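Chemist: I would like the atomic coordinates for the input below:
(chains A and B, ligands or ions: 2)
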Amino acid sequence: MVAAKRPSFGPCTLSILSSILTDTIALDSVTHAYDTESGKLPVLNDLSIKVAQNAFTAVVGPSGCGKSTLTRLIAGLMRPDEGTVWLAGEQVRSPRSTVGMAFQNPVLLEWRTILDNVLLPLEIVKNSLSRSQREARAKDLLALVGLAGFEDKRPSELSGGMRQRASLCRALVHNPDVLILDEPFGALDAFTREDLWQAMHDLRRQEPFTALLITHDLRESIFLADEVVVLSGRPATAQYVLSVDIDPTNGSHRTLDDLYTPGASEMLATLREQIRIAQGDAPKAAPGGN
Amino acid sequence: MLRKIAVPLGAVLVFLVFWEWLVWVNGWPNYKMASPSDLIPAYAKFWDLFLIYGWQTLWRTVAGLLLAIIVGVAIGMVMGLSKTVRDGLYPLLVGFNAIPKATVVPVVALMFVGAHDMNTILIAFMISFFPIAVSISIGLSTLEPEYRDILRSLGASRFTIFRKIALPKTLPEFFGALKVAVTLAFIGTNLMEIVEPHGKGLGHLFDSGKISADYPLMFAVLIALAVLGILLYYVVVLLEQIFAGWAERAET
Ligand SMILES: Nc1ncnc2c1ncn2[C@@H]1O[C@H](COP(=O)(O)OP(=O)(O)OP(=O)(O)O)[C@@H](O)[C@H]1O
Ligand SMILES: [Mg+2]
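Modeler: Ligands and ions are numbered 1, 2, ... in the order given. Okay, the predicted model is just below:
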């Protein structure tokens, strides 16, 4: 599937209409530029991405190509110059409480305990849970990512990986439909990262959500996602979309071993090639398909 | 806990003994340098005055400080939240802060003739609000956008973000500035009391010591001021531990 410039009317319009009703996240020909001192800086150019309900999409692309900008647009923190962002069939005009976010920096609040940090979204988002129900929910999530017993610790008492786990729990505590992850595992060591990949799969099995993950790690992208979108260099557009199918044939869960099958190696090679193209001088020179 | 009190107390004792020894060894007369043993009769003689004037100095300093907190926080907030206001106000504030307050004292005294309490509070306020305004504005303007985004992405209002994130995050800086402001406010109060004598406060007692050549009294006033300063400073430290104790834990 290649994102091509769509005419404003015609058969494609119908397909967009149907997709915004079925997809949870849909970016439709989004173009965005920042105002900087040296003039307009185009960051996204005619970018279209769709994520079906409860699907997991990873987005990879060259450094500085506009990935974080993309997450801010989906979260409603900014509005695109052109094009539309849809969440569950509704146009995004402002932030909405059905979204959970986690960044590379876990941004935990030092004056709160880990438990109170995780509870923060429930203080903002309208909900009918009692205090004890909220705490039970937060504790369940913390236990799920291996942080049982750390509820009353302060963020500074935890390791980087543990803080990142807590930040994932905070992103999920209000039961968001959409989880937006901007390189949340980027600053972690390889072992911790792989642990968290597993935790991510566990969380998804526990309570399904639609996820969009920004990452620099190609292995991470195919281990976690159902679909990987490669962005071109700035201004970014969807250059390539890869369907990931590395699940074991016997129906058991994905494990790290599945990253070392011939199929997975081939996918990684394809992605690496696409990134190379994206980093090249002519970013949109070689649109591919699968 | 016992150590926490015993160690500083011991240090004060050592200091007093050293002082007494220094005066004794050099054979200084008390107009050159009073010794601690000279102070005891001074306190005994003027104890009532020390209580009355000490109280006047204390409450006016605290009032000036409270005013400085209210105005400083307000200015810091608008400066921290709007870059335009910050760019506009900053040079004004720096300029105002650069004026030696001793020159402002007669001006203020002339402006509000006879309103001694107000004048004194005003000077204490003027000299001490600057660090508070700066600390709040820096704390707010250096708030990482991600901190704001975790709440903003949930649809939180600006006020909620301020209350839940910006305010608590700025508290340690605020208390740091408040410790400086306490000392400054004391300087302000005494400046007014000494430069424009109006018969109130420890500054007045100091002045009468000077006029009547009662040197031990002057030294006794200095020590009394130091004690009041220490007292207020530790009140701030106590408040800091209650409201921003987490910052201290985070550093270790
Ligand atoms: N608020 C802003 N104002 C002006 N320019 C910005 C702003 N935010 C980002 N940019 C610029 O837009 C471009 C894309 O930024 P963005 O953060 O979206 O990239 P990214 O793909 O997330 O980068 P990275 O891989 O380093 O995380 C960068 O060149 C950046 O300098
Ligand atoms: Mg980024």
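Chemist: Neighbours of the residue of the stretch 51-200 of chain B found nearest ligand 1, how many?
Modeler: Residue nearest to ligand 1 within the stretch 51-200 of chain B (Cβ to the nearest ligand atom): B:P145, separated by 8.3 Å. Every residue, glycine included, has its C-beta placed from N, CA and C. The tally of other residues near B:P145 (other Cβ atoms under 10 Å in any protein chain shown) stands at 11.
Chemist: if you look at stretch A:214-226, does any of it touch ligand 1?
Modeler: No: Stretch A:214-226 lies out of reach of ligand 1 by Cβ under 6 Å from any ligand atom, never closer than 6.6 Å.
Chemist: ok, that stretch near chain B or not?
Modeler: No: under the criterion of Cβ under 8 Å from any Cβ of the partner chain, chain B is not reached by stretch A:214-226; the shortest gap measures 13.8 Å.
Chemist: what's next to that stretch, contact-wise?
Modeler: Applying Cβ atoms under 8 Å, 6 or more residues apart in numbering or on different chains, the contact partners of stretch A:214-226 are A:55-60, A:63, A:67-68, A:70-71, A:181-183, A:185-186, A:193, A:197, A:200-201, A:211, A:213, A:228, A:242-244, A:246, A:254, A:256, A:258-259, A:264, A:267-268, A:271-272, A:275.
Chemist: Kindly report the same for stretch A:157-171.
Modeler: A:100-103, A:106-108, A:114, A:117-118, A:120-121, A:138, A:141-142, A:144-147, A:150, A:155, A:179, A:181, A:184-185, A:187-189, A:192, A:195-196, A:199-200, A:203, B:150.
Chemist: Let's see that with 7 Å instead.
Modeler: Residues from elsewhere that reach stretch A:157-171 (Cβ atoms under 7 Å, 6 or more residues apart in numbering or on different chains): A:100-102, A:106-108, A:114, A:117-118, A:120-121, A:138, A:141-142, A:145-147, A:150, A:155, A:179, A:184-185, A:187-188, A:192, A:196, A:199.
Chemist: List buried members of those by neighbour count.
Modeler: A:100-102, A:106-108, A:114, A:117-118, A:120-121, A:138, A:141-142, A:145-147, A:150, A:155, A:179, A:184-185, A:188, A:192, A:196, A:199 (16 or more other Cβ atoms under 10 Å in any protein chain shown).
Chemist: Also near chain B: which of those, exactly?
Modeler: Restricting the buried ones among the contacts of stretch A:157-171 to those within reach of chain B (Cβ under 7 Å from any Cβ of the partner chain) leaves A:M101, A:V107, A:P121.
Chemist: quick one: the first one is in a strand?
Modeler: So that's A:M101. Yes: assessed with DSSP: H, G, I helix; E, B strand; the rest coil, A:M101 lies in a strand.
Chemist: does A:V43 count as helix, strand or coil?
Modeler: Strictly by three-state DSSP, A:V43 counts as strand.
Chemist: got the contact list for the residue nearest to it when sequence neighbours are not counted?
Modeler: Distances taken as Cβ to Cβ, 6 or more residues apart in numbering or on different chains place A:G66 nearest to A:V43, at 4.0 Å, with adjacent residues excluded. Listed by Cβ under 7 Å, 6+ apart, the contact set of A:G66 reads A:V43, A:L44, A:L231, A:R234, A:P235, A:A236.
Chemist: Can you report phi and psi for the third one?
Modeler: Think A:L231. phi -90, psi 150 (degrees, to the nearest 10).
Chemist: close enough to count as contact, it and A:S63?
Modeler: No: using Cβ atoms under 7 Å, A:L231 makes no contact with A:S63, being 10.9 Å away.
Chemist: Give the residue from these two that has the larger number of neighbours.
Modeler: Neighbour comparison, A:L231 and A:S63: the larger count goes to A:L231, with 27 against 9 (by other Cβ under 10 Å).
Chemist: After the helix or strand hosting B:V71, which helix or strand is next?
Modeler: Here B:V71, judged by DSSP states H and E, is contained in helix B:36-81. Moving toward the C-terminus from helix B:36-81, the next helix or strand (DSSP H and E) is helix B:83-98.
Chemist: So for A:A285, what pLDDT did the model give?
Modeler: Residue-level confidence at A:A285 comes out at 46, pLDDT.
Chemist: Then the one 3 residues further on?
Modeler: You'll see A:G288 listed with a pLDDT of 46.
Chemist: Could you measure from B:F162 over to B:L228?
Modeler: Distance, B:F162 to B:L228, using Cβ to Cβ, to the nearest Å: 35 Å.
Chemist: domains in chain A, as residue ranges please.
Modeler: Listed by automatic domain parsing, the domain ranges of chain A are A:19-98+A:179-282, A:107-176.
Chemist: next one: the last one to chain centre, how far?
Modeler: For domain A:107-176, the distance between its averaged C-alpha position and the chain's averaged C-alpha position is 20 Å (Cα atoms, centre = their mean, to the nearest Å).
Chemist: could you give me the average pLDDT of it?
Modeler: 91.
Chemist: Also the longest one?
Modeler: Within the predicted structure, the mean pLDDT of domain A:19-98+A:179-282 is 87.
Chemist: Assumed A:D35 was part of a helix.
Modeler: No: A:D35 is assigned strand when assessed by three-state DSSP, not a helix.
Chemist: Bridged to it, which residues?
Modeler: On the basis of DSSP bridges, A:D35 is bridged to A:K40.
Chemist: From B:I52, how far off is it?
Modeler: Distance from A:D35 to B:I52, by Cβ to Cβ: 63 Å.
Chemist: Comparing the two, which residue is more hemmed in?
Modeler: Neighbour totals were compared for A:D35 and B:I52, and B:I52 leads with 15 against 7 (other Cβ under 10 Å).
Chemist: do you know how far the more buried one is from B:K200?
Modeler: In terms of Cβ to Cβ, B:I52 sits 9 Å off from B:K200.
Chemist: now do B:I69
Modeler: The gap separating B:I69 from B:K200 is 23 Å, by Cβ to Cβ.
Chemist: what number of residues lie near residue 170?
Modeler: In the absence of a named chain, this looks at chain A. A:R170 has 27 nearby residues by other Cβ under 10 Å.
Chemist: Not quite, go with chain B.
Modeler: If we define neighbours as other Cβ under 10 Å, then B:T170 has 25 of them.
Chemist: which element is it on?
Modeler: helix B:167-195.
Chemist: orientation of that helix relative to helix B:36-81 in degrees?
Modeler: Angle, helix B:167-195 to helix B:36-81, by axes from the mean of the first three to the mean of the last three Cα atoms, to 10 degrees: 130 degrees.
Chemist: quick check: mean pLDDT across helix B:167-195?
Modeler: On average, helix B:167-195 scores 90.
Chemist: For it, buried residues please.
Modeler: B:167-182, B:184-195.
Chemist: next helix or strand past it?
Modeler: The C-terminal neighbour of helix B:167-195 among helices and strands, as given by DSSP H and E, is helix B:201-211.
Chemist: From the contact counts, what lies against that next one?
Modeler: In terms of contacts (3 or more Cβ pairs under 7 Å, 6 or more residues apart in numbering or on different chains; DSSP states H and E), helix B:201-211 is packed against helix B:36-81, helix B:167-195, helix B:215-251.
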